[in-house]
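*Asks:* kindly return the folded structure for what I paste below:
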Amino acid sequence: MRYFPILLVVWLLCWLAPAPAWAQQLQCDPCDYHFGRVQVGQSSSYSIKLTNTGRQTLSITSKSKQGRAFSIGNFPLPVKLRPGASTHLPVIFTPTAPGHALGSVKLVSTARNPDLTMDLAGTGVANADPQLGISPSSLNFGNVTVGSSATLQATLTASNAAVTISSDQSNSSEYAILGLTLPVTVQAGQGISVTIQFTPNASGTAPAKVGFISNAANSPTVEPVTGTGVAPGSHTVDLSWNPGDGNAVGYNVYRGTASGGPFTQINTALDGSTNYTDATVVSGTTYYYVATEVNGAGQESAYSNVTKAVIPNP
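*Replies:* So this is what the prediction gives:
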């Protein structure tokens, strides 16, 4: 019993002792951060919140970082933080090569935890290759009289990065590319117009390709073109029909020299309209025509009613 008062006094002395000088605490939020995927050569920034959760003012006296892809933004030292006060530490990720990168930022302060380290991570991804697109994907000039010209428009579009077109080309003398002053640079997400001209030098269908040479990954960018040369004064047969059940995505046209067939397809590509001009007829010949419709699944209908065309002699 005689020891009880002594123990009580010791306990009271400890309870009444003043708070230690190191009652300062620097806290980070978050203490580790992942920047995610960032393109090589680009930068992504984030601000880490720093708070003094202690009972006395603290000073941040130095800063350092690890990892060459990471840096510290504007954060002049020293930084003084009163109890409960906060500030923000800007950190930046700038990958120089594809792949996963690790780093850290370290702060030294007068807090109870004088060395505060925050872990950083990020993934560098390769720059997407520039692409040059062209629309529409093909051009059909239809029937053009030999010796005359027809023109259609196309649009060249750059994606992922700017594309510089250095030259153009055509594998047929009947097609020419107009409206481009080369070299020309198309900015990413932008487009420019180009004119394609068809000048047939003979009767008949004339498929060809035009293309554009550039720094795009898909160079040369090629567009199929086609047209039919028609001799001056020659005969043609103009056909038209009513759509079927409304599910057609296009039509095929067939021709024969007997009312019961056999019939041979004469359109080179699925016709999206309900009319067609046959410019390959021969004078003094009688032709019979039928049409079919094709749905989105590629299924073709039966022949339509037969129509007859008598081509006169010159």
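*Asks:* look up how far residue 188 lies from residue 154.
*Replies:* Computed with Cβ to Cβ, to the nearest Å, the distance linking residue 154 and residue 188 is 19 Å. C-betas here are computed from N, CA, C, even on glycine.
*Asks:* one more: residue 119?
*Replies:* Residue 119 sits 35 Å away from residue 188 when distances are taken as Cβ to Cβ.
*Asks:* and residue 154 and residue 188? which has more neighbours close in?
*Replies:* When neighbours are counted by other Cβ atoms under 10 Å, residue 154 comes out ahead of the other of residue 154 and residue 188, with 22 against 14.
*Asks:* please list all residues in contact with the more buried one.
*Replies:* Remark: with contacts taken as Cβ atoms under 8 Å, 6 or more residues apart in numbering, residue 154 is in contact with 134, 135, 136, 139, 193, 194, 195, 196, 223.
*Asks:* quick one: buried residues of the helix or strand where it lies?
*Replies:* Assigned by DSSP states H and E, residue 154 belongs to strand 150-159. Along strand 150-159, the positions that meet the burial threshold by neighbour count (16 or more other Cβ atoms under 10 Å) are 152, 154, 156, 157, 158, 159.
*Asks:* tell me the two of these that are most distant?
*Replies:* For those, the farthest-apart pair by Cβ to Cβ is 152 and 159; their separation is 22.8 Å.
*Asks:* and stretch 206-218, C-alpha only, in PDB?
*Replies:* Coordinates of each C-alpha in stretch 206-218 appear next as PDB, following Å, rounded to 0.1, in the frame of the first residue of the first chain:
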ATOM      1  CA  ALA A 206     -11.400   1.200-118.400                       C
ATOM      2  CA  PRO A 207     -10.500   0.200-114.800                       C
ATOM      3  CA  ALA A 208      -7.400   1.700-113.300                       C
ATOM      4  CA  LYS A 209      -5.900   2.900-110.000                       C
ATOM      5  CA  VAL A 210      -4.700   6.300-108.800                       C
ATOM      6  CA  GLY A 211      -2.400   6.700-105.800                       C
ATOM      7  CA  PHE A 212      -0.700   9.100-103.500                       C
ATOM      8  CA  ILE A 213       2.900   8.800-102.200                       C
ATOM      9  CA  SER A 214       3.400  10.200 -98.700                       C
ATOM     10  CA  ASN A 215       5.100   9.600 -95.300                       C
ATOM     11  CA  ALA A 216       2.000   7.700 -94.100                       C
ATOM     12  CA  ALA A 217       2.400   4.100 -93.000                       C
ATOM     13  CA  ASN A 218       0.000   3.000 -95.700                       C
END
